[in-house]
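Student: test case, fold it:
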Amino acid sequence: MSLAFPQELCDAIIDECRRDIPTLLRCALTCRAWLPRSRFDLFSTVVLRTQVQASKFASTARSSPNLAALVEVLVIAPREFRALTSLIDWTCIALASVLPRLRKFTIVHPALSDIAHVGGSATISARTTCSNIARLSTISELELINVSFRQFLDFGSTLTSLPRLSRLLCQDVWWKEVGTIPSKSVLNKRGWLNLEVLSLAGNWDYLNGVSHLVSATNPLSVKHLIIDAAAGASDHFDGCLDTFGSFENLETLSFALIDPEAYTRDFVGYTTARMLETVRSPHLKRIRLDYTRVNRCPRCEVVDAAEYASQCLASGLLENARGHVRVEALVADCAESATWWKAELENALSELHQRGLLDVITHEPWGHHPIEEVRYEDGSV
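Tutor: Down below sits the predicted model:
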């Protein structure tokens with residue numbers, strides 16, 4: 001007599017394998033009952049590193065509409081530093097109107113030791129790449145990591161071309177200058193960008209004109225705001241505070257820690273304190289300390305930042321009568337580290353923990369497919 005497992009259990013097991021492509025392929029070949037879920041996990045997020053991969057995938061998508069309909073997330077993460085714009089252009093043109101359920105588009109540029117030294121060949125321009133991104137008209141979420149634009153005007157043009165955009169996630173995105181914005185341009189209007197989630201993580205010093213982006217965001221639509229934990233170190237930060245204060249439907253405020261070694265207590269403290277003073281949303285339910293992006297940094301640096309955040313948050317929440325607001329510390333759920341992180345952060349954030357305001361949550365490492373884990377078409381990592 002055969003033992004049949006509930007389909008929900010089988011689906012959960014398959015989902016746990018979604019970061020391991022060879023295992024997913026074996027799951028798909030195990031039995032007919034496992035094929036649909038395995039196929040969904042294989043195709044729901046597609047990562048393209050080279051034009052060869054993009055060409056093969058485009059051919060598959062056009063010849064198999066049933067598989068193309070499974071794709072929800074498309075990630076462009078080029079193997080070569082100078083291949084970014086050409087890969088984006090080719091992919092967006094080839095896949096325009098081919099992926100009917102595509103909701104998220106991610107661009108991951110190879111990490112740089114100093115983003116200020118990005119060469120012109122890696123810069124996205126308005127006339128070509130920005131207009132090609134607009135071909136993916138179904139996307140509601142745009143995620144940019146280590147991406148540079150020639151001008152803020154180019155970046156803004158990309159946003160205006162995506163009518164369904166509701167989630168904008170930026171990490172180490174920068175532009176060299178603001179550029180001349182035409183007086184009648186929508187970029188000069190306030191509140192035209194209906195975002196539910198706005199994330200501005202990374203070094204704010206390179207965000208010339210970020211106040212234009214913040215003021216363009218509809219203050220009534222934003223429910224989750226994510227800013228860099230040391231945004232206060234930048235001259236651009238204070239110019240955004242008034243608009244942040246108008247986000248009256250904000251439910252979650254997150255501080256993302258990207259590079260703890262580059263921060264000082266003063267910057268983290270100033271950013272935290274000013275945001276607690278500024279944000280007056282009656283709907284604020286949680287404050288998040290996002291440490292899922294710093295698993296390569298020395299642990300002591302993260303713990304040190306957490307200790308100082310604890311002091312600022314505890315005093316800020318009590319002074320503003322926000323005892324109902326929960327504080328969540330998110331840590332990456334990596335092998336053999338989650339338990340250590342949980343214990344250390346509960347100790348570092350002891351003032352919040354003792355008052356019952358703290359939840360330490362283990363979370364999947366930031367990003368669906370970290371650039372180090374994407375396999376090339378020749379099988380190498």
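Student: what ranges does the stretch 251-381 of the chain have for its strands?
Tutor: Applying DSSP state E, counting those that start in this stretch to the stretch 251-381 of the chain gives strands spanning 252-256, 286-290, 326-332, 358-363.
Student: how much does the first one deviate in direction from strand 326-332?
Tutor: If you take axes from the mean of the first three to the mean of the last three CA atoms, to 10 degrees, strand 252-256 sits at 40 degrees to strand 326-332.
Student: repeat for the last one
Tutor: Taking the same axes, to 10 degrees, strand 358-363 and strand 326-332 form an angle of 30 degrees between their directions.
Student: of the strands of the stretch 251-381 of the chain, which is nearest F149?
Tutor: strand 252-256 (20.4 Å; CB to CB). All C-beta atoms are positioned from the backbone trio N, CA, C, and that covers glycine.
Student: who touches that closest one?
Tutor: Applying CB atoms under 8 Å, 6 or more residues apart in numbering, the contact partners of strand 252-256 are 171, 199, 201, 223-229, 271-272, 275, 279, 284-290, 293, 309.
Student: returning to that earlier point: mind telling me which of the strands of the stretch 251-381 of the chain the model trusts least?
Tutor: Among those, strand 358-363 has the lowest mean pLDDT, at a mean of 81.
Student: quick one on the thing from earlier: among the contacts of strand 252-256, the buried ones, what's the ChimeraX command?
Tutor: The ChimeraX selection below is limited to those of the contacts of strand 252-256 classed as buried (16 or more other CB atoms under 10 Å):
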select :171,199,201,223,224,225,226,227,228,229,271,272,275,279,284,287,288,289,290,293,309
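Student: so of the contacts of strand 252-256, which ones are in helices?
Tutor: Cross-referencing the contacts of strand 252-256 against helices under DSSP state H gives 271-272, 275, 309.
Student: dump the residues you listed to TSV, plus pLDDT.
Tutor: As requested, those are arranged in TSV below (pLDDT from 0 to 100):
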residue	pLDDT
T271	90
T272	88
M275	93
A309	77
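Student: return the member of these nearest to P6.
Tutor: For those, the nearest to P6 is A309 (42.2 Å; CB to CB).
Student: flag the shaky bits of the protein, pLDDT-wise.
Tutor: 1-3, 81, 111-123, 125-127, 260-265, 294-299, 316, 318-323, 333-338, 364-381 (pLDDT under 70).
Student: show me where it has helices.
Tutor: Under DSSP H, the chain gives helices at 7-16, 21-28, 35-44, 51-63, 65-68, 84-95, 131-133, 152-160, 210-216, 241-245, 265-278, 299-319, 338-348, 350-354.
Student: now the last one: buried residues?
Tutor: Of the residues in helix 350-354, 351-353 count as buried by neighbour count, 16+ other CB under 10 Å.
Student: please apply the same query to the shortest one.
Tutor: Residues 132-133 are the ones in helix 131-133 that count as buried (16+ other CB under 10 Å).
Student: give me the contacts around that helix.
Tutor: Against helix 131-133 from outside (CB under 8 Å, 6+ apart): 88-89, 92-93, 105, 157-158, 161-162.
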